[in-house]
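Trainee: Need the 3D shape of this:
(chains A and B)
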Amino acid sequence: AQSVSQHNHHVILSEAASLELGCNYSYGGTVNLFWYVQYPGQHLQLLLKYFSGDPLVKGIKGFEAEFIKSKFSFNLRKPSVQWSDTAEYFCAVNARSGGFKTIFGAGTRLFVKA
Amino acid sequence: DGGITQSPKYLFRKEGQNVTLSCEQNLNHDAMYWYRQDPGQGLRLIYYSQIVNDFQKGDIAEGYSVSREKKESFPLTVTSAQKNPTAFYLCASSVQGASGNTIYFGEGSWLTVV
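Mentor: Alright, predicted model coming up:
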């Protein structure tokens, strides 16, 4: 069965610090990978996604993620965070083979101190 | 505007009562989903539907029921059999792209059972 593991439940950073949020998945086949963000009081939004091609994908607001197939990982990064990045971040996976079932990780709450 | 509309946004019910959460989308998406979001557990899949008149159980379907009579609509009923129904419920829909399936979310419904 598919599963997604996010390593950190809570992260606290100061503005301008670099960010890396870990995500590992468990699935034997080819996958599509996603990061979603939920800002306080707002609905979940797609941050970026990987379907195929270049394993380094760039998303909105300066975020990027790297797919490392051998490690079953899809870590999210941002070189310099801002206070406005305070949010909860979710990693998700679904099967490439026409699969509609998308599984999410438990989420990581990021708090950026101004 | 195109999007996913959930209603009501806030709902209070007495224990033992069934309650139905509405979800409508005008994105012409084929697939629709219901997730439950609890603190520290991320999003857990309740039910999903790939086409009209068809739906599949997710990971936590017990105590819930759904119907998909129209492409635009995917209501969720929380029955009295659901042992811990108080939660934030998210409806989503997805479009199947060239390589994969991307999910988009509604704003959610808060259900409190007292």
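Trainee: Which residue lies nearest the spatial centre of chain A?
Mentor: A:Trp35 (3.4 Å; CA atoms, centre = their mean).
Trainee: What parts of chain B come near chain A?
Mentor: Proximity of chain B to chain A, by CB under 8 Å from any CB of the partner chain, involves residues B:31, B:33, B:35, B:40-45, B:48, B:50, B:56, B:58-59, B:90, B:94, B:96-108. C-beta: built from backbone N, CA, C; applies to glycine.
Trainee: quick one: low-confidence parts of chain A?
Mentor: Applying pLDDT under 70 to chain A flags the ranges A:97-99.
Trainee: Kindly report the same for chain B.
Mentor: Using pLDDT under 70, chain B drops low at B:1-2, B:97-100.
Trainee: mind redoing it with 80?
Mentor: Applying pLDDT under 80 to chain B flags the ranges B:1-2, B:40, B:96-101.
Trainee: ok, and the closest non-adjacent residue to the spatially most central residue of it?
Mentor: Central residue of chain B (CA atoms, centre = their mean): B:Trp34, 2.6 Å from the mean position. Counting by CB to CB, 6 or more residues apart in numbering or on different chains, B:Trp34 lies nearest to B:Ile46, which is 4.3 Å off, once chain neighbours are set aside.
Trainee: In contact with that neighbour: list those residues for me.
Mentor: Neighbour list for B:Ile46: B:Trp34, B:Tyr35, B:Arg36, B:Gly58, B:Asp59, B:Ile60, B:Ala61, B:Tyr64, B:Val66, B:Leu76, B:Tyr89 [criterion: CB atoms under 8 Å, 6 or more residues apart in numbering or on different chains].
Trainee: Touching, the residue nearest to the centre of chain A and A:Phe63? I think so.
Mentor: Yes: contact criterion CB atoms under 8 Å: A:Trp35 and A:Phe63 qualify, at 7.2 Å.
Trainee: what do those two both touch?
Mentor: A:Leu47, A:Leu48, A:Leu76.
Trainee: Okay, and which of those map to strands?
Mentor: A:Leu47, A:Leu48, A:Leu76 (DSSP state E).
Trainee: Pick out whichever of those sits closest to chain B.
Mentor: Closest approach to chain B among these (CB to the nearest CB): A:Leu48, at 10.7 Å.
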